[in-house]
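> Got a predicted model here, sequence first, then my questions.
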Amino acid sequence: MNPIQQRIQHIRSQIQLLQTEGEVAPERVWISRFSARNRPGGKVYHYYKLMQEQDKKVKQRCYLGKPSNPKYKRWLAAIERRNQIQELEAIAKRLQRQLVNEDSAPLEGASHSQSKVTPLTNLTAKLQRLLARRLPGKISMTSSEVELLLSLIKQHSHELAPIIFRGRQAPPNHCREDVVGSEAAAQIAAIA
């Protein structure tokens, strides 16, 4: 079992442990605070209620009262467990994708040109992630389309350098692929 699989297994055991500790709050449930005064200019009292979103409508699920109320404490712990489980599941998914990418990587016996990771390859992956994050569902590009876009950028880097560097003077070697790749990657990272 490789280290990534061990980490995934450890995360799954942590999730099971959290689930056995107590109740886990469902999704789209949160605690909301509201205030009340006993008279105008009087003391302000804070109370809590459990809110739930159903069919794009927010409704009060139940009254929780003050922070000292056991019902409030129970729901607060349940929501905290849910949030921890969601974070762990996201990490496990990320590791699972990393494991799949590792399995689909070229074998060591493959030709050098196939296994070489170039700045353009890294930039392609970063640009795809940026597009997916910034424009979810609006645009989709295959890796070959992204590579074509980046090769066009590289070919016309002398024209694009002033745009990329936004008025700052571009470094003198801005036309080299490794420099353009790293500079563009830095620009993409700054945008993201």
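Received it, and whenever you're ready, just let me know what you need.
> so where's the protein uncertain?
Along the chain, the parts satisfying pLDDT under 70 run over 103-125, 127-192.
> Longest helix in it, by number of residues?
helix 70-103 (DSSP state H).
> does Lys59 sit in a helix, a strand or a coil?
Using DSSP: H, G, I helix; E, B strand; the rest coil, the structure places Lys59 in strand.
> Who is it paired with across the strands?
Here Lys59 sits in beta bridges with Gln52, as judged by DSSP bridges.
> ok, now which ones touch it?
The contact partners of Lys59, taken as C-beta atoms under 8 Å, 6 or more residues apart in numbering, are 51-53. Heads up, the C-betas are built off the backbone N, CA and C, glycines and all.
> repeat that with 10 Å
Taking C-beta atoms under 10 Å, 6 or more residues apart in numbering, we find Lys59 in contact with 50-53.
> will you turn these into JSON lines that also has neighbour count?
Supplementary listing: the contacts of Lys59 in JSON lines, determined by neighbours: other C-beta atoms under 10 Å:
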{"residue": "Leu50", "neighbour count": "21"}
{"residue": "Met51", "neighbour count": "15"}
{"residue": "Gln52", "neighbour count": "16"}
{"residue": "Glu53", "neighbour count": "12"}
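> just to revisit the earlier point, packing partners of the longest helix of the chain?
Contact partners of helix 70-103 among helices and strands, from 3 or more C-beta pairs under 10 Å, 6 or more residues apart in numbering; DSSP states H and E: helix 3-21, strand 29-37, strand 44-54, strand 57-65.
> got a markdown table for the contacts of Lys59, with distance to Gln86 too?
As requested, the contacts of Lys59 are arranged in a markdown table below (distance: C-beta to C-beta, whole Å):
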| residue | distance to Gln86 |
| --- | --- |
| Leu50 | 18 |
| Met51 | 18 |
| Gln52 | 17 |
| Glu53 | 16 |
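> In terms of distance to Pro26, which of the residues you listed ranks first?
Sorting these by how near they are to Pro26, with C-beta to C-beta, puts Gln52 at the top with 7.8 Å.
> for the helices and strands packed on helix 70-103, which one sits closest to Ala90?
Within those, the stretch nearest Ala90 is helix 3-21; the backing value is 9.9 Å (C-beta to C-beta).
> so what does that closest one touch, helix or strand wise?
Using 3+ C-beta pairs under 10 Å, 6+ apart as the contact criterion, the secondary-structure elements in contact with helix 3-21 are helix 70-103.
> Mind checking the helices and strands packed on helix 70-103 for the one nearest to Asn101?
Nearest to Asn101 among these is helix 3-21; the distance by C-beta to C-beta comes to 10.2 Å.
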